[in-house]
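Chemist: quick one, fold the following:
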Amino acid sequence: DWSSDVCSSDLYSVIKNALFKVIKVSDASSLGKHIVVQGGTFYNNAVLRSLEKIADCEVIRPDIAGIMGAFGAALIA
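Modeler: Residues are numbered from 1 along each chain as shown. The predicted model follows:
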């Protein structure tokens with residue numbers, strides 16, 4: 001189905017932009033072989049898989065990925 005191809009290429013592009021333009025890594029393999037992600041965006045399996053494909057590694061999504069930032073802020077407060 002062409003719509004799923006378009007969607008997956010969009011997600012692939014979003015992850016590449018985040019890595020190479022925002023985080024500014026020159027090579028995704030420099031992130032290591034095991035990456036732990038946080039944020040509600042990573043509840044989307046397609047986003048998670050896109051990062052795994054680009055970084056060629058295992059990406060770990062904790063059960064509380066969407067609230068990890070709030071949890072950390074609460075601990076600091």
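Chemist: and the closest residue in space to E58 that isn't next to it in sequence, how far is that from Y43?
Modeler: Ranked by Cβ to Cβ, 6 or more residues apart in numbering and with sequence neighbours excluded, the top spatial neighbour of E58 is H34, at 5.6 Å. (Each C-beta comes from the backbone N, C-alpha and C, glycine too.) Distance, H34 to Y43, using Cβ to Cβ, to the nearest Å: 19 Å.
Chemist: in the chain, which ranges drop under the pLDDT threshold?
Modeler: Counting by pLDDT under 70, the low-confidence segments of the chain come to 1-9.
Chemist: can you show me the helices along it?
Modeler: Secondary structure of the chain (DSSP state H): helices at 2-17, 45-55, 68-76.
Chemist: of all those helices, which lies closest to V25?
Modeler: Nearest of the helices of the chain to V25, taken as Cβ to Cβ: helix 45-55 at 9.3 Å.
Chemist: more neighbours: which of H34 and Y43?
Modeler: The residue with more neighbours, out of H34 and Y43, is Y43; 12 against 9, by other Cβ atoms under 10 Å.
Chemist: state the number of residues packed around the nearest residue to that one once chain neighbours are set aside.
Modeler: With sequence-adjacent residues excluded and distances taken as Cβ to Cβ, 6+ apart, Y43 is closest to G66, at 5.9 Å. The tally of other residues near G66 (other Cβ under 10 Å) stands at 16.
Chemist: residues contacting G66?
Modeler: When contacts are counted by Cβ atoms under 8 Å, 6 or more residues apart in numbering, G66 touches 39-40, 42-43.
Chemist: how about a cut-off of 7 Å?
Modeler: Remark: with contacts taken as Cβ atoms under 7 Å, 6 or more residues apart in numbering, G66 is in contact with 39-40, 43.
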